[in-house]
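Pasting the sequence and the predicted model now:
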Amino acid sequence: MAHRKALIAGATGLVGRNLLRHLLETGGWDIVTASRRTPDVAGEYAHIPIDLMCAAECREKLGRLRDVTHVFLAAATLGAKAVLGF
């Protein structure tokens, strides 16, 4: 099987956490997660603590990843209206 390396951006939310579990159970993946908090999922993967809304931090921390074959964007942002319940 060909080398597969996944980057999951937003791995602590509903979608990202379940995707992480799925890839871990499937096997055959090197996995890197990127989010502010470390996912609460047991398994072997690397985690990059990062604010995905900060372009400079993304360039600095994610720019050195060269062998990623799959990018999964599961990050979400809540605007002020969503936070306030509008």
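In hand now; what should we look at?

could you point out where the chain is predicted with low confidence?
1, 78-86 (pLDDT under 70).

The helix of greatest length in it: which residues count as buried?
Longest helix of the chain, by residue count under DSSP state H: helix 14-26. Buried residues in helix 14-26, counted by 16 or more other C-beta atoms under 10 Å: 16-17, 19-20, 23. (C-beta placed from N, C-alpha, C; glycine too.)

Let me know the closest of those to residue 54.
Taking C-beta to C-beta as the measure, residue 54 lies nearest residue 16 of these, at 18.2 Å.

give me every residue that touches the closest one.
Residue 16 sits next to 8-10, 33, 35, 39, 72, 74-75 when contact means C-beta atoms under 8 Å, 6 or more residues apart in numbering.

let's see 7 Å
8, 10, 74 (C-beta atoms under 7 Å, 6 or more residues apart in numbering).

Repeat that for residue 73.
Residue 73 neighbours (C-beta under 7 Å, 6+ apart): 9-10.

what does the one 3 residues further on give?
Under the criterion of C-beta under 7 Å, 6+ apart, the contact list for residue 76 reads 10, 13.

Tell me where the chain has strands.
For the chain, the strands defined by DSSP state E cover 5-9, 30-35, 46-49, 70-73.

about what we covered before: among the contacts of residue 16, who's most crowded?
residue 8 (26 neighbours; other C-beta atoms under 10 Å).

correct me, but it touches residue 20?
Yes - with contact defined as C-beta atoms under 7 Å, residue 8 counts as touching residue 20 (5.8 Å).

overlap in contacts of the two?
With C-beta under 7 Å, 6+ apart, residue 8 and residue 20 have common neighbours 31, 33.

neighbours around the closest residue to residue 11 other than its chain neighbours, how many?
Closest residue in space to residue 11, ignoring its immediate chain neighbours: residue 33 at 3.7 Å, by C-beta to C-beta, 6 or more residues apart in numbering. Residue 33: 27 surrounding residues under other C-beta under 10 Å.
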